[in-house]
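> Build me a model:
(one chain, ligands or ions: 2)
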Amino acid sequence: MTTFDEIIPKLVEIFQRQEDAANIRPLLINRDLNGRVRLIVDEKWKKDDRAMTVLDKIAQEMKEALGPHAYSAKQALLFESSFEETLPREIKFSLEGIEDVYVVDRLATEGNWSSISALNTTYSRIVFFSIKGGVGRSTALAATAWALAERGKRVLVLDLDLESPGLSSSLLPEDRRPAFGIADWLVEDLVENGDAVFEDMVATSALSHNGEIFVVPAHGVKAGEYVAKLGRVWMPKVCFDGSRELWPKRLSRLLDGLEKRWSPDVTLIDSRAGIDEVASACLTDLSASTIFLFAIDGDQTWSGYRILFKHWRTSGVVREIRERLQVVGAMIPEVGTDDYYHGLRERAWDAFSEELYDEVPAGAIATEDGIWSFDESDEGAPHFPWPVRWHRGFAALRSLHGKLTGIDAEEVQTIFGPLIDGLLPIIKTERGEP
Ligand SMILES: Nc1ncnc2c1ncn2[C@@H]1O[C@H](COP(=O)(O)OP(=O)(O)OP(=O)(O)O)[C@@H](O)[C@H]1O
Ligand SMILES: [Mg+2]
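Ligands and ions are numbered 1, 2, ... in the order given. A predicted model of the protein is given here:
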């Protein structure tokens, strides 16, 4: 019996066989919420007997090949009168190797990990992501924010780990926390009331001496009815004209507003870990220029990242996202450091070279021939991990804020140096600073 993962390969086979269908283009394949497929075709083909014979044949073949994952041949064709207008609006990916045939994939969640928004050219946005939790992502973000502020930067920090927030407490003591947070704004925005909380969802951290750290927490000093709010933040907004704005777009609008208001040199975003709805929005919808992939070496880490990388490849967006990625080696151990680091680098290279880098044909030179590929030992390559050291001073801290209050720059540099030094030029070039 055909299962979900065979749907796409079998569709490719069907369209490869059906040469007669080459004239009936473009075509949309709709994979619905239950994982059942049918074709969406322009109504104009209804009048064309030859086209209808071919389409019926495809419908028949789909039912035979896909079984429970296809509609009956009779129900398999959906005719769309405004096909030409609908087509550009659909979020779709190409059926690999078949020209002008696209798959529209309906998910129960809105984070589909594959509609990548264009780079933001005005502001530097950096996302801290990890496929597994508890790898020191939020700690590294807080320390980086501190170090950048020490260098005089204005740093905006967003805690988007809405389901287990905590970053803000590492940068703000309780008496400085703002009244509201991101969840409050997302809920108020649904009823056109975002302005009521906008000014009171940001607080400045007293940790910064030379620059500024603006912290936007997940919730305010009083979390309030946080569970009830969290259950609503993902809602699409129905606008006055009846159109729907999906929540990642609402989040993106909030970020635009915050940057306009606070003019940061850089925005650091703490994403949720794993293949999660919020993480999807952070990585793909917020136009970030750099996405840190925190990694501790292990099978779970790399099998997780490979799932994501593969998805970007099959959904045809790999080129848009891959140049934004940078592996960060999380909590590099104190003992056996070199062996561990080399192992991590090797596994990172395996995953990147198999899933993301272009193949370099014999005789070609990647850098000269516009091929996106890197040697394993290329320090500037995205797979080459920027190391963050494990340090006893940061292990099992009761209060990161307490730790950062008395910290000296040298200690931060020893542990997080490569991350901070790697970030500085990204900020400079994008903001056009000297
Ligand atoms: N460089 C480090 N060296 C030693 N311990 C660290 C380091 N960074 C973080 N830790 C400790 O590891 C634990 C997890 O850190 P943190 O909360 O920053 O991870 P995270 O990846 O953000 O986790 P989550 O996925 O739960 O948000 C904490 O106890 C923290 O104090
Ligand atoms: Mg965290």
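
> can you give me the strands in the stretch 251-400 of the chain?
For the stretch 251-400 of the chain, the strands defined by DSSP state E, counting those that start in this stretch occupy 266-270, 290-295, 325-332, 386-389.

> Could you save these as JSON lines and add columns showing distance to residue 229?
Every C-beta, even on glycine, is put in place using the N, C-alpha and C of the backbone. Supplementary listing: these in JSON lines, determined by distance: least, CB to CB, whole Å:
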{"stretch": "strand 266-270", "distance to residue 229": "18"}
{"stretch": "strand 290-295", "distance to residue 229": "27"}
{"stretch": "strand 325-332", "distance to residue 229": "31"}
{"stretch": "strand 386-389", "distance to residue 229": "33"}
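
> In a markdown table, list the ones you listed along with mean neighbour count, mean pLDDT and distance to ligand 1.
Below are those laid out as a markdown table (neighbours: other CB atoms under 10 Å; pLDDT from 0 to 100; distance: least, CB to the nearest ligand atom, whole Å):
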| stretch | mean neighbour count | mean pLDDT | distance to ligand 1 |
| --- | --- | --- | --- |
| strand 266-270 | 25 | 96 | 7 |
| strand 290-295 | 25 | 96 | 7 |
| strand 325-332 | 23 | 97 | 5 |
| strand 386-389 | 22 | 98 | 6 |
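
> Which positions in the protein make contact with ligand 1?
Contact residues (CB under 6 Å from any ligand atom) of the chain with ligand 1: 130, 133-139, 161, 164, 273, 331, 388-391, 394-397, 415.

> Strands of the stretch 1-150 of the chain, start to end?
27-31, 37-42, 77-80, 92-94, 101-105, 124-130.

> So which elements touch whichever helix or strand residue 418 is part of?
Take DSSP states H and E as the rule and residue 418 turns out to sit in helix 409-431. Where contact means 3 or more CB pairs under 8 Å, 6 or more residues apart in numbering; DSSP states H and E, helix 409-431 is packed against strand 124-130, helix 137-150, strand 266-270, strand 290-295, strand 386-389.

> Find the closest residue to ligand 1 in the stretch 201-350 of the chain.
Using CB to the nearest ligand atom, residue 273 is the residue of the stretch 201-350 of the chain that sits closest to ligand 1, at 4.2 Å.

> who's in contact with that residue?
By CB atoms under 8 Å, 6 or more residues apart in numbering, the residues touching residue 273 are 129, 130, 131, 132, 133, 134, 135, 137, 161, 279.

> Identify the nearest residue to the second one in space, disregarding sequence-adjacent positions?
Counting by CB to CB, 6 or more residues apart in numbering, residue 130 lies nearest to residue 294, which is 3.6 Å off, once chain neighbours are set aside.

> Wait, the one you found touches residue 133, no?
No: between residue 294 and residue 133 there is no contact under CB atoms under 8 Å: 9.8 Å.

> pLDDT weak spots in the protein?
108-112, 114, 367-368, 428-434 (pLDDT under 70).

> redo that, cut-off 80
Judged by pLDDT under 80, the chain has its weakly predicted residues at 89-91, 107-121, 277, 282, 316, 362-370, 396-397, 428-434.

> quick check: domain ranges of it?
As given by automatic domain parsing, the domain ranges for the chain are 4-105, 124-431.

> Distance to residue 118 for the ones you listed - can I get that in JSON lines?
JSON lines is the format used below for these (distance: least, CB to CB, whole Å):
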{"stretch": "domain 4-105", "distance to residue 118": "15"}
{"stretch": "domain 124-431", "distance to residue 118": "6"}
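
> Could you look over those and pick the most buried one?
domain 124-431 (a mean of 18; mean count of other CB atoms under 10 Å).

> From the chain's centre, how far out is it? Work that out for me.
Here domain 124-431 is found 10 Å from its chain centre; the criterion is CA atoms, centre = their mean, to the nearest Å.
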